[in-house]
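*Asks:* no FASTA, just this:
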């Protein structure tokens, strides 16, 4: 899904993977018992239901808009349940960082290649897909950089640390080429805070 958001310019096309994942979650509803033992999941569900129902009184004549709001609420709900399931079983800690690091590294490489080939008039690296704004893509890549720093500092296997280091180099280059002072400062501060928190832990 992350790759689809980064690589596909059509918002509908980028949403297709989330639909399939949501269906997979709905078909496995028998395994959700542990998740609903957490009160926060009930609060999130109530909030999503409230937001979906607001579509009726905000635009009562637009049934399509109301249906779209409910579908988005269901997608977010399925994401929350799936993330909570993974967290409870310890899968998020192992694979989320790796997956985000790989996808973000590939996105940075492609964005730099497009930048070098097209040579934009303003001289600023733009994002891909849904992240076609230089500031937003630089900030997203800054978040990816934090996941990569975690791999570099905590992984014991060089099979993950070396690719993570390579991805970090491309991401830093992409953030620099965005020419966004906001992103430069934010990414630097975020990385320093993460390293500092790791050192004093």
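*Replies:* Perfect, I can see it now. What you are looking at is a predicted structure, and each value in this text was computed from that prediction instead of being measured.

*Asks:* OK, contacts around residue 96?
*Replies:* 86, 147 (CB atoms under 8 Å, 6 or more residues apart in numbering). Where you see a C-beta, it was placed from the backbone N, CA and C, and this is true even at glycine.

*Asks:* so where's this structure uncertain?
*Replies:* Across the chain, the ranges flagged by pLDDT under 70 are 1-14, 55-62, 91-94, 129-132, 201.

*Asks:* can you do 50?
*Replies:* For the chain, no stretch has pLDDT under 50.

*Asks:* For it, which segments count as helices?
*Replies:* Assigned by DSSP state H, the chain shows helices spanning 2-7, 11-27, 39-58, 63-88, 91-118, 134-154, 158-177, 181-200.

*Asks:* could the ones you listed be laid out in TSV, adding distance to residue 125?
*Replies:* What follows is the helices of the chain, written out as TSV (distance: least, CB to CB, whole Å):
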stretch	distance to residue 125
helix 2-7	14
helix 11-27	20
helix 39-58	35
helix 63-88	29
helix 91-118	4
helix 134-154	6
helix 158-177	4
helix 181-200	10
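
*Asks:* Those helices: which one's closest to residue 126?
*Replies:* Comparison of those against residue 126 by CB to CB identifies helix 134-154 as nearest, at 5.4 Å.

*Asks:* re the thing from before, hey, which of the helices of the chain is tucked in deepest?
*Replies:* Highest mean neighbour count among the helices of the chain (mean count of other CB atoms under 10 Å): helix 134-154, with a mean of 21.

*Asks:* chain center to that helix: distance?
*Replies:* 11 Å (CA atoms, centre = their mean, to the nearest Å).

*Asks:* Please find the angle between the direction vectors of it and helix 91-118.
*Replies:* Helix 134-154 and helix 91-118 are oriented at 130 degrees to each other (axes from the mean of the first three to the mean of the last three CA atoms, to 10 degrees).

*Asks:* So which other helices or strands are in contact with helix 134-154?
*Replies:* helix 91-118, helix 158-177, helix 181-200 (3 or more CB pairs under 8 Å, 6 or more residues apart in numbering; DSSP states H and E).
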